[in-house]
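>>> no sequence for this one, just the structure:
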């Protein structure tokens, strides 16, 4: 709910987000407003909804309403936990039928929830007819479980004080639902009831579709009864049986019952036997409980787990460590070990268990812990049992011993070697010793080598650093070299697998290629221009990226962004250029950037000639005049794919080579940028160019300007034109281009910047801009501010075919001297916008004079006034449709006179510096001694006013002065002739608004906003 209050955007986004509302949680403290809001903003076709209600007695009606809405919504999952009477009231008379509910959880706060007065499961089945998963927590076993005809996943948890009759009810339900049940989970707590043997009779239930079976009980007879009555299918994935019963005398029966229930399942190939704690997080281990885990190779998800209590073996009174009599020693349960290939044991079983394991005909891998020198494993290997003449562990291939007792490693290894010799079988393939405290000696090594092909001896140091000392039975330099090579190959494979798991290796190739591109040292990615200091890094970066891995190399070679930009400098090596061309696809676009290439001109010509067969999309050549001439001289190239060309002269005023050659080499050229060149004589050759930029034009002459104008007459196809004129000593007379006018019908963007306003006047008077132009950007930094009025008139004349702007911004512009050392004052920018066309705007920057006409102006020390060039009636175009104006400086009285007379102006934004500014004087109807004509009704349609206070502690006084001025404006117009101002906004205030000021402002405006300065 807090997210909904931040903003309307956050509120709309939150309401439209299905993930935010589909989980409805109801608690006792949940407010009804939240439920009403959630229900009102969830669409009927929204995604599935989950309901979680806990201790909901205060929100019973809201929960009933949500369940009844299941008729038109998809209530996919419902969880209800509460007191028994609350759940009864919830379902009593509930008019609901939730077809989409597949999962239901019912939990009771009472330990024995289902009483005689609770609703039957028939009600639950009616409300949720398509129920698939049902979980019941802390309830009695109900009598009408047969009503759950659609449930496939059933869980009954926290069943306390189970009786014999309830167990029979449960078994009856399992029999009736065995043909559809896919998952069954039962958790029984302690009970005082006595369960006789075969209390469920001799019937056997086949659960043909069961995938998961989990039964936890504190009474082993419950498990025996259920397992004896079940036959599990061959494709079951999980069998999890746990008993916490201390009656370990029943363990043998339990393993026999499990073997019988799993008789249709393929026996496990790997088994782990380990001691377990009572539950996760216990500090103390139950010494009498053992976990049995079995897996099948190729099916990692198929798991058999059994946890039970087992008795201690006290038949050997002088035994060093306690052993356990495991319930696997009987021949009545051969299934568990019928396919056993690997066995891991983390405690010490008794002799009878080892005797059984030693006879498993498929056991190949064995992992055990060694506690002393006379354990049952060594005794079995030595053949202590005279009644069994067959050698123990005959198929054994791998043996792993982990020492649990310090300083017994050498003695145990020798005893093991002697015991294995007694078997009189072929040597074991591998024996590994873990957690050894001593280095292996030569005698022990030779002894072990006689019974195993490979010995691994892992030593633990006192500082806990673990290292390996592997000794083979038959060592030679060649075999060791082969082993080292194989290990290195395996290591490389492991590193590749490890690297494949890292987050960067999971990135899609296109994302990785984009990251590669962004690592390249570009100052401006849009222009792909390379700084001089970054030139050495470019080749190194690409080479290092390709050297990380094969995947990075393949991604880099296949990345068009990485190779399409070829940068050539004098220090660029020819090998790099050859490598780049060889690894760029023939159909891949190439961009060439050559800078100061006196020594690498042949390589530049080679790349340009490659444009005959490749797509050379963008070319940028920056060099001295003579080097550019050598590049194009007798160049046998015709690059059809080149659309953009930049030619830069590294001299002040270079003379460009014949443009006919440029047009021949690049016949499809669309964009041309010429920097630091003189105006060429053959601009008419650029018949295909639509985007022309001429920058850094120094020392412009009258003749150069006439050449440029002659080109405009033939360039009706130009869509973008950018001109930048620098200082010139030439004098440009008025109308030097004559009276002819040029209409650029296709022009979309015009940018002209000059240090001489006369150049702008000459061009703008001769050009007529089309109505659909998107950008007009005019800037002059001339000190001759007397031409400002003429410039605005020229702009109005050039834009006469364009619809005038509706919004206008006027502000000071910070301009710098050419060396960047000092700011140039008195520059003002005008920016106009069109509603509905955010990309279309007009920008004009010029110098304007200070208004020194009023020497006695009391505010001249506070803020300088400017005589803006909009006060003349010679340029009515700019203000003819104006609806909003924002003024970021202090214009003079004449400017405010003009603005106040605009009949369409509705919104005004200005800065306040003092209490007697020109704006307040205009509102009051004051006359100016130098401009006696005051409009009869200033700002006749003004609706919105925004004032930013720039003088500390001025806000209250200025607000009151404004209110009085607006009252005089209304009185001067006559009652009922002016509509009240809709809103006034004050910004950057330093004082809190008082009641008197607030009442005064509300008398002249409908709404007042007062924003304090932070």
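Yep, it's here. Predicted, not measured: the structure shown is a model, and the values here were computed from it.
>>> Now residue 733. Its backbone dihedrals?
Torsion angles at residue 733 (phi, psi; degrees, to the nearest 10) stand at phi -70, psi 160.
>>> Oops, could you answer that again for residue 54 instead?
phi -140, psi 120.
>>> Which residues are in contact with it?
Residue 54 sits next to 25, 26, 27, 79, 81, 82 when contact means Cβ atoms under 8 Å, 6 or more residues apart in numbering. The C-beta positions use only the backbone N, C-alpha and C, and glycine is treated the same way.
>>> Give the lowest-confidence helix or strand of this protein, using mean pLDDT as the measure.
In the chain, no helix or strand scores lower on mean pLDDT, DSSP states H and E than strand 466-472, which sits at a mean of 40.
>>> mind listing the helices in the stretch 301-450 of the chain by residue range?
All helices of the stretch 301-450 of the chain, identified by DSSP state H, counting those that start in this stretch, fall at 351-358, 376-381, 409-423, 442-449.
>>> which of the contacts of residue 54 are buried?
26, 79, 81, 82 (16 or more other Cβ atoms under 10 Å).
>>> Does anything pack onto the host helix or strand of the third one? Which helices or strands?
Assigned by DSSP states H and E, residue 81 belongs to strand 75-82. When contacts are defined as 3 or more Cβ pairs under 8 Å, 6 or more residues apart in numbering; DSSP states H and E, strand 75-82 sits against strand 49-54, helix 60-68, helix 84-91, strand 103-108.
>>> how close does the residue nearest to residue 161 when sequence neighbours are not counted get to residue 237?
In this structure, residue 161 finds its nearest non-sequential neighbour in residue 191, 4.9 Å apart by Cβ to Cβ, 6 or more residues apart in numbering. Using Cβ to Cβ, to the nearest Å, one obtains 30 Å as the distance from residue 191 to residue 237.
>>> With neighbour numbers in mind, choose between the two.
residue 191 (20 against 13; other Cβ atoms under 10 Å).
>>> Do I have it right that the more buried one meets residue 219?
Yes - contact criterion Cβ atoms under 8 Å: residue 191 and residue 219 qualify, at 6.1 Å.
>>> Distance from the longest helix seen in the chain to the middle of the chain?
Looking across the chain with DSSP state H, the single longest helix is helix 477-501. Put simply, helix 477-501 sits 36 Å off its chain's centre (Cα atoms, centre = their mean, to the nearest Å).
>>> just checking, what packs against that helix?
Helices and strands touching helix 477-501, by 3+ Cβ pairs under 8 Å, 6+ apart: there are none.
>>> Enumerate the positions of the helix or strand following it that are buried.
For helix 477-501, the following helix or strand on the C-terminal side (DSSP H and E) is helix 509-519. Applying a neighbour-count criterion of 16+ other Cβ under 10 Å, one finds 512, 513, 516, 517 buried in helix 509-519.
>>> How about stretch 974-984?
978, 981, 984.
>>> of those, closest to residue 340?
Proximity of the buried residues of stretch 974-984 to residue 340 (Cβ to Cβ) peaks at residue 984, which lies at 89.1 Å.
>>> Show the pLDDT at that closest one.
Listed pLDDT for residue 984 reads 95.
>>> can you check residue 185 too?
92.
>>> just the one 5 residues further on next, same as before
pLDDT, the model's per-residue confidence, is 84 for residue 190.
>>> residues contacting it?
160, 161, 218, 219 are the contacts of residue 190 under Cβ under 8 Å, 6+ apart.
>>> same question for whichever strand or helix holds residue 593, mean pLDDT?
Of the helices and strands defined by DSSP H and E, residue 593 is found in strand 589-595. Here strand 589-595 scores 85 as its mean pLDDT.
>>> Without its sequence neighbours, what residue ends up closest to residue 419?
residue 381 (3.6 Å).
>>> so how many other residues sit close to that neighbour?
Neighbour count of residue 381, defined by other Cβ under 10 Å: 23.
>>> do the same with residue 580
The burial count for residue 580: 19, using other Cβ under 10 Å.
>>> that older thread, narrow the buried residues of stretch 974-984 to those in strands?
Of the positions in these, 981, 984 sit in strands, assigned by DSSP state E.
>>> can you put the buried residues of stretch 974-984 in JSON lines and add distance to residue 605?
Formatted as JSON lines, the buried residues of stretch 974-984 follow (distance: Cβ to Cβ, whole Å):
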{"residue": "978", "distance to residue 605": "75"}
{"residue": "981", "distance to residue 605": "70"}
{"residue": "984", "distance to residue 605": "69"}
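>>> Identify, from the buried residues of stretch 974-984, the entry nearest to residue 917.
Using Cβ to Cβ, the buried residues of stretch 974-984 come closest to residue 917 at residue 984, 15.9 Å.
>>> That closest one: what's it in contact with?
Applying Cβ under 8 Å, 6+ apart, the residues contacting residue 984 are 944, 945, 946, 947, 962, 1001, 1004, 1005, 1007, 1008, 1009.
>>> For residue 34, give its distance to residue 24.
9 Å.
>>> who's more crowded, these two?
Between residue 34 and residue 24, residue 24 has the larger neighbour count (other Cβ under 10 Å), namely 21 against 15.
>>> Secondary structure element holding the more buried one?
Element membership of residue 24 [criterion: DSSP H and E] is strand 23-26.
>>> Who are the packing partners of that strand?
Taking 3+ Cβ pairs under 8 Å, 6+ apart as the contact cut, strand 23-26 packs with helix 32-40, strand 49-54, helix 60-68.
>>> ok, residue 157 to residue 183 distance?
13 Å.
>>> Check residue 29 too.
Residue 29 is 34 Å from residue 183, by Cβ to Cβ.
>>> quick one: which of the two has more around it?
residue 183 (19 against 8).
>>> ok, that one touching residue 209?
No - at 9.6 Å, residue 183 does not count as touching residue 209 under the criterion of Cβ under 8 Å.
>>> which neighbours do these two share?
Shared contacts of residue 183 and residue 209, counting by Cβ under 8 Å, 6+ apart, come down to residue 152.
>>> Surely residue 882 is in a helix?
No - using DSSP: H, G, I helix; E, B strand; the rest coil, the assignment for residue 882 is coil, not a helix.
>>> Which residues are in contact with it?
804, 805, 806, 807, 808, 902, 904, 905.
>>> Show me where the stretch 701-850 of the chain has its strands.
720-725, 742-743, 749-754, 767-768, 775-780, 807-812, 815-816, 823-824, 827-834, 837-847 (DSSP state E, counting those that start in this stretch).
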